[in-house]
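*Asks:* what follows is a predicted structure for the sequence shown.
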Amino acid sequence: MTRLLPLAVFATLSTLCNEAVAKPFDNAITAESSTTDFQLVASPSEADSESGTGFMAPLVLSQSSEDTTDATQQENEEDNWRVYLDLYAFLPPTTSSTSTVEGNTTKVDLPLSDVINSLDEALTLKASFEYGRVGVLAAINYATLSTSASKSSFLETQNPLKNKTGISSPLRSRTIRIQGDLDVDVDANQTIFDLAMRYRAGAIQKPRMKKGSTSFLGLVGARFIDANLSTDFSIKGDADVTVEGVKVNRSNSRELEKSSNASWGNTWVQPMVGMFGTYAISEDWQAFAYLDAGGFGLSGSQDLSGTAQAGIAYALGNSAQVSLSYKYFGIAYSEGGGDNNGYSSYQSGVNLGLRWLFD
């Protein structure tokens, strides 16, 4: 009996060891014999190493599944159409412009109130279409205005007195310079249409973006410009008019005034490049910057246009946002030649914008 007891105890220990291996997650296993209590504790780490299985395996599999789902969702979102529509109001405090028509150069600096009063028609609109990372941008800026400036001279190229007799020889010249107290009226209309391919790097541009995300657009395309100018003078009150020092009587002054209208118009195309970058300050707030340049002297003796803009935007829900920015726009064109017809305009000031996203 005494010799059999150790064997029984050994057998009991062997059985308990097998159970501990088979059940690695049991915290404590207790074996009892008729004479002695034995307590075996199997830690989870030891059990894991012996069994070859880890209790974190299901969590790893869950994370992998979530990553796959996010990647699939992002890929599906990329492979969709998106349409952006932008309306904006550009409010420069002063607009400086110079126009030259048939040798007559008129410079005008208009405050914002005068620009608004001088505007006859205006339209500003921008739309973008994107599929995946590639898209198209189209923008139109159209305006017509009428303004005037005081001048002391005007170059008359349509001289109605050139064939008359009984007048001084300066008045018979085809082109004469008239001096006096004059009002020069300028009528202008301008249409600028941008059409460009766009490619996006980074996140999809949305009114609401994840904090810290960035988006960058590169633009390559063309800027189509159509401009028309006309100028004419009128005599202020009872002012005297002279031509090269020779006084012109009232009747001849009126004849010169009637023929004073001069006009010029042209349509040309500029190559254009640009960029637009966005950084998400928070989910609802974004900072952005926009630059473009066109012309580079390819269509005239002077041919250049450009925009620089920087500001912030705030989300109005998931599909709209408002923006406040500072913007500069300038254009200068001259066709060269003897008359050097052309014009320039420079504006800078606050720009208010409203954007909609359709996806």
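*Replies:* Alright, I've got the coordinates. Residues are numbered from 1 along each chain as shown.
*Asks:* where does the protein have low pLDDT?
*Replies:* 1-74 (pLDDT under 70).
*Asks:* name the element Tyr290 belongs to?
*Replies:* Here Tyr290, judged by DSSP states H and E, is contained in strand 285-294.
*Asks:* list the buried residues in that strand.
*Replies:* Trp285, Gln286, Phe288, Tyr290, Leu291, Asp292, Ala293, Gly294 (16 or more other C-beta atoms under 10 Å). All C-beta spots, glycine's among them, are computed from the backbone N, C-alpha and C.
*Asks:* quick check: which element contains the residue nearest to the second one when sequence neighbours are not counted?
*Replies:* Once its chain neighbours are removed from consideration, Gln286 has its nearest residue in Ala313; the separation is 4.6 Å (C-beta to C-beta, 6 or more residues apart in numbering). Per DSSP H and E, Ala313 falls inside strand 302-315.
*Asks:* relative to that strand, what are the paired strands and their orientations?
*Replies:* When pairing is defined by DSSP bridges, strand 302-315 lines up against strand 285-294 (antiparallel), strand 320-334 (antiparallel).
*Asks:* give me the buried positions along the longest one.
*Replies:* Of the residues in strand 320-334, those buried by neighbour count under the rule 16+ other C-beta under 10 Å are Gln321, Ser323, Ser325, Lys327, Tyr328, Phe329, Ile331, Ala332, Tyr333, Ser334.
*Asks:* following it, which helix or strand shows up next?
*Replies:* strand 342-358.
*Asks:* coming back round to it: quick one: distance of the strand holding Tyr290 to the chain centre.
*Replies:* When distances are taken as C-alpha atoms, centre = their mean, to the nearest Å, strand 285-294 is centred 5 Å away from the chain's centroid.
*Asks:* list the buried residues for stretch 230-238?
*Replies:* So stretch 230-238, judged by 16+ other C-beta under 10 Å, has buried residues Ser230, Thr231, Asp232, Phe233, Ile235.
*Asks:* surely the second one meets Val108?
*Replies:* Think Thr231. No. Counting by C-beta atoms under 8 Å, Thr231 sits too far from Val108 to count as a contact (11.1 Å).
*Asks:* okay, and the common contacts of those two?
*Replies:* Ser99, Val186 (C-beta atoms under 8 Å, 6 or more residues apart in numbering).
*Asks:* where exactly do the helices run in this protein?
*Replies:* 4-22, 44-51, 57-78, 112-118, 250-258 (DSSP state H).
*Asks:* helices or strands up against the fourth one?
*Replies:* Applying 3 or more C-beta pairs under 8 Å, 6 or more residues apart in numbering; DSSP states H and E, one finds that helix 112-118 contacts strand 94-101, strand 134-156.
*Asks:* now do that helix: everything it contacts.
*Replies:* When contacts are defined by C-beta under 8 Å, 6+ apart, helix 112-118 is touched by residues Leu91, Pro92, Pro93, Thr94, Thr95, Leu110, Leu145, Ser146, Thr147, Gly349.
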